[in-house]
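Participant: Predicted coordinates and the sequence they were generated for:
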Amino acid sequence: MTSSAAPRRITRGDATAVFEAFGNGGRAVLQHSRVAQGAPADDFGTRGSIRPFGGSPWDGAAFCADDWHVILIADFEGGDHSFSHQDAERIMQGLTVSFSLDGNPLETRRTAIRRFLDPSGFDLDVAYYFQQGRIMAPADLTVGPHRLEVDVSDSAGQQDFHDAITFTIDASGTGACTAS
C-alpha cells in the first residue's frame, strides 16, 4: 500500500516565528541540525520567508498560495567587545526601511533590537539585529508574478541600500503547492 502525504503547509505560526526568532533561535537550529525542519529555522523560504535580495534563492522563486509568508529584511550592527546595545540603537533607530510590492508601498513593522548570538559569522565580537517586514496571509498575495523592492536610508535620508526581486505565487495544487 502506498501513501501520498500532502505537503506540509506553512502556517501563520511558522511565519511569525521566522519574523520574531530567526536571527537567534532559527540560526541555531540551522547551524546545529542537518535538517531545517520547523520554525523558526528557514533555509531560503522553505518556512515562508521572502527576502528581497537580487540573485539570491528568493529571486525568481515560486511560493504556494495556500501558505503564510513573511516579507522581511534584517539589519545587523556590531563591533568589538565595547559595542553596546545603546550603540546599536543609535545606528538602527536612524534607519528607514521601505518596502514596495508591485509598485505599491507595503506597510511593515520592526522587531525589537536584540543581541545576535553568533556575531563571528560577520567578523564581529558583539552584534545586534532587528528584522523589519510583514506577515502575509494566504489571501494577501495573489496568484501570479510579483516584484518586491526594499530601500534602506540613514538618518540623513541618504539611501544606503536598494534591492529587488521577482517571485511567483503558484495556485493551489500546482507548482510550489505540490512540493512537500
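Facilitator: Structure received. Residues are numbered from 1 along each chain as shown.
Participant: Around residue 86, how many other residues sit close by?
Facilitator: Using other C-beta atoms under 10 Å, residue 86 has 9 neighbouring residues. In short, each C-beta sits where N, CA and C put it, glycine included.
Participant: Now do residue 131: how many residues are near it, please.
Facilitator: 24.
Participant: try residue 165
Facilitator: 21.
Participant: what's the straight distance from one end of stretch 55-75 to the other?
Facilitator: 19 Å (C-alpha to C-alpha, to the nearest Å).
Participant: same deal with stretch 90-109?
Facilitator: Rule used - C-alpha to C-alpha; the end-to-end distance of stretch 90-109 is 18 Å.
Participant: cool, stretch 133-142 as well?
Facilitator: OK, stretch 133-142 end separation, C-alpha to C-alpha: 18 Å.
Participant: so where does residue 148 fall, helix or strand?
Facilitator: Using DSSP states H and E, residue 148 sits in strand 144-153.
Participant: What lies in contact with that strand?
Facilitator: 50, 52, 71, 73, 75, 95-103, 159-169 (C-beta atoms under 8 Å, 6 or more residues apart in numbering).
Participant: Which positions in it come out as buried?
Facilitator: The neighbour-count check on strand 144-153 (16 or more other C-beta atoms under 10 Å) flags 146, 148-153 as buried.
Participant: Nearest residue to residue 105 in space, ignoring adjacent ones along the chain?
Facilitator: Among residues not flanking residue 105 along the chain, residue 98 sits closest, at 7.0 Å (C-beta to C-beta, 6 or more residues apart in numbering).
Participant: give me the number of residues near residue 9?
Facilitator: 13.
Participant: re the thing from before, the residue nearest to residue 105 contacts residue 107, doesn't it?
Facilitator: No - counting by C-beta atoms under 8 Å, residue 98 stays clear of residue 107, with 10.2 Å between them.
Participant: Worst mean pLDDT across the helices and strands of the protein, which element?
Facilitator: helix 27-32 (a mean of 40; mean pLDDT, DSSP states H and E).
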